[in-house]
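> Just need the structure, nothing else, for what follows:
(one chain, ligands or ions: 1)
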Amino acid sequence: MGVGPGAPDLLTLRALEACRSAARVFGPAMAPDAEGRAESILRRAAPDVAVERLVFAIGGDEAVRQEAHARAAGRVVACLDAGERVAFITLGDPNLYSTFHHLAAAVRQQRPETPVTTVPGIMAFQDVAARTGTIITDGVERLVVVSAVDGAGVVAEALGDETAAVVIYKGGRHLPEIAAHLERTGRLAGAVLGESIGLPDERVGAASAFADRPAAYLATVVVPPKRPV
Ligand SMILES: C[S@@+](CC[C@H](N)C(=O)[O-])C[C@H]1O[C@@H](n2cnc3c(N)ncnc32)[C@H](O)[C@@H]1O
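Coordinates of the predicted model:
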């Protein structure tokens, strides 16, 4: 289930209920002793709910990632076979750039009859728009969501359509290059950035104010369409 982007009060009542009614709640982590971001959000919203960490390999070798998914799924399957109803928490929404579907696929591979449902979560870009008063789309405008994890090229391409709002995920380390594309296309002025929103070190505001250096991995840029003034 999605726990939202950071602020504990953006975790929905439905997600909270799903956590409380599950026999076990799993959360993604980088290491057994490292609290994951989704776990930290849930802990602040519901300190009474215990989270068991599943260690995932982020980035790097595909074989290593798959091995981590299979190992995590093995633990989930053991609990399901013991008759438990389990929940898995993830940052934002489970159906947008999340480890969730990798885990669900690995669980289904080991235990094909497992029913899987998702509980939506508030996505990071929704909170960035809300915090900055940014209208993402209106009328017939469109919305394009891109992952800039591999560089800013994908942003340049998306900006080609001036009637589309562009939401840029995973682009923190390419922020100066992204800002240069926004400037070149006349869209830097309206663009906003949220970094670690809802978390203690958050920064939110005009993208131009942060464009001189890379941002953290947890950074989202929202670029509204070009509109007549
Ligand atoms: C693995 S994706 C998770 C997306 C998430 N499932 C969602 O629905 O928003 C990670 C990316 O989400 C965005 N993100 C998630 N949480 C964020 C936060 N608290 N502040 C800013 N961006 C965030 C960033 O773009 C980050 O690189």
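
> Just list the residues touching the residue in the chain that the ligand sits nearest to, thanks.
Residue nearest to the ligand within the chain: residue 92 (2.1 Å; CB to the nearest ligand atom). For the C-beta atoms, the positions are set from N, CA and C on the backbone; glycine is no exception. Counting by CB atoms under 8 Å, 6 or more residues apart in numbering, residue 92 touches 2-5, 98, 121-124.

> Please enumerate the helices of this structure.
For the chain, helices defined by DSSP state H occupy the ranges 13-21, 37-45, 62-81, 100-110, 124-132, 153-158, 175-184.

> average pLDDT for the fourth one?
Taken as a whole, helix 100-110 has an average pLDDT of 97.

> same check, this time on the shortest one
Per-residue pLDDT values over helix 153-158 give a mean of 96.

> So for it, what gets flagged as buried?
Along helix 153-158, these residues count as buried under the neighbour rule (16 or more other CB atoms under 10 Å): 154-156, 158.

> how about JSON lines for these, with distance to residue 72 added?
JSON lines is the format used below for these (distance: CB to CB, whole Å):
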{"residue": "154", "distance to residue 72": "29"}
{"residue": "155", "distance to residue 72": "32"}
{"residue": "156", "distance to residue 72": "36"}
{"residue": "158", "distance to residue 72": "33"}
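
> Number of residues surrounding residue 17?
By other CB atoms under 10 Å, 12 other residues sit near residue 17.

> just the helices of the chain: most buried one?
Across the helices of the chain, the average number of neighbours (mean count of other CB atoms under 10 Å) peaks for helix 37-45, which reaches a mean of 22.

> which outside residues touch that helix?
Outside helix 37-45, the residues touching it (CB under 8 Å, 6+ apart) are 3-4, 6-9, 11, 16, 19, 25, 27-29, 35, 49, 51, 53, 89-91, 198-199, 218.

> could I get the helices of the chain as JSON lines with distance to residue 226?
Formatted as JSON lines, the entries for the helices of the chain read as follows, by distance: least, CB to CB, whole Å:
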{"stretch": "helix 13-21", "distance to residue 226": "36"}
{"stretch": "helix 37-45", "distance to residue 226": "34"}
{"stretch": "helix 62-81", "distance to residue 226": "39"}
{"stretch": "helix 100-110", "distance to residue 226": "34"}
{"stretch": "helix 124-132", "distance to residue 226": "17"}
{"stretch": "helix 153-158", "distance to residue 226": "13"}
{"stretch": "helix 175-184", "distance to residue 226": "11"}
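
> closest to residue 225 out of the ones you listed?
Counting by CB to CB, residue 225 lies closest to helix 153-158 out of those; the figure is 11.3 Å.

> chain center to that closest one: distance?
In terms of CA atoms, centre = their mean, to the nearest Å, the gap separating the centre of helix 153-158 from the centre of its chain is 20 Å.

> which strands and helices sit next to that helix?
strand 142-147, strand 164-169, helix 175-184 (3 or more CB pairs under 8 Å, 6 or more residues apart in numbering; DSSP states H and E).

> out of these, nearest to residue 222?
Comparison of the helices and strands packed on helix 153-158 against residue 222 by CB to CB identifies strand 164-169 as nearest, at 5.5 Å.

> That closest one - which strands sit beside it in the sheet, and in what orientation?
Note on strand 164-169: by DSSP bridges, its sheet partners are strand 142-147 (parallel), strand 219-223 (antiparallel).

> what angle do it and helix 124-132 make?
Between strand 164-169 and helix 124-132, the angle comes out at 110 degrees (axes from the mean of the first three to the mean of the last three CA atoms, to 10 degrees).

> Please work out which residues outside strand 164-169 touch it.
Counting by CB under 8 Å, 6+ apart, strand 164-169 makes contact with 97, 124-125, 136-137, 141-149, 155, 158-159, 178, 220-225, all of which sit outside it.
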